[in-house]
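Enquirer: Need coordinates for the below:
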Amino acid sequence: MEDEDVLKGVGPRLRQLRLEREATLGDLATETGISVSTLSRLESGRRKPTLELLLPLARAYRVALDELVDAPETGDPRIRPKAVTRHGRTFLSLTRRPGGLQSFKMVLPTVDDVAQPTLQTHEGYEWLYVLSGRLRLILGSRDMVLAPGEVVEFDTRTPHWIGNPGPGACEALAIFGPQGERMHVRS
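Expert: Residues are numbered from 1 along each chain as shown. As a prediction, the model looks like this:
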């Protein structure tokens, strides 16, 4: 669909939304701060819609901006994770949006010698869910081994270490904020 065709469809959609809500141009002008004449010209197609006009209209109608302009559907929502390996651990990102909470599938190989693991701290919280295998978590003075189906959540300012006591690989889901992502996944 060409941009011009998309823009031509905005006016009729605005009129339809207003009529469905049984609102007058005056009601909408009061709510949005857009003049009645501008609203009328938008609906009739005599005025091109701009972002400055569409944003308050989308808020007033409580619809996504995409709905006003009949934007094409977004791409495939499936995530195709790319593996990142760091310190022998493989991380597969399960989120697309940068910033905020991030989720990963972690695959941890068996750790041969963990007589003296090095505990680390960083800002944030971490959440882990064991899918398969066993996961060893040292959290402060606590030393525990988690089995499939077990979940932990902790403040990462508490000294901690995560490893796989074996036998075999351990798979877990992890959710952490930007600080944890930098600590575990980024170089």
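
Enquirer: contact partners of the top helix by length along the chain?
Expert: Under DSSP state H, the helix in the chain containing the largest number of residues is helix 3-20. Applying Cβ atoms under 8 Å, 6 or more residues apart in numbering, the contact partners of helix 3-20 are 24-25, 28, 39, 42-45, 48-49, 54, 57, 61, 63, 67-71. From N, CA and C alone the C-beta is placed, and that goes for glycine too.

Enquirer: cool, and stretch 123-137?
Expert: For stretch 123-137, using Cβ under 8 Å, 6+ apart, the contacting residues are 105, 108, 111, 114, 143-157, 160-166, 168-180.

Enquirer: From residue 90, how far off is the nearest residue to residue 170 once chain neighbours are set aside?
Expert: Counting by Cβ to Cβ, 6 or more residues apart in numbering, residue 170 lies nearest to residue 133, which is 3.2 Å off, once chain neighbours are set aside. With distances taken as Cβ to Cβ, to the nearest Å, residue 133 is found 13 Å from residue 90.

Enquirer: which one of these two has more residues nearby?
Expert: Ranked by neighbour count (other Cβ atoms under 10 Å), residue 133 and residue 90 place residue 133 first, with 21 against 16.

Enquirer: Show the backbone phi and psi for the more buried one.
Expert: Torsion angles at residue 133 (phi, psi; degrees, to the nearest 10) stand at phi 80, psi -160.
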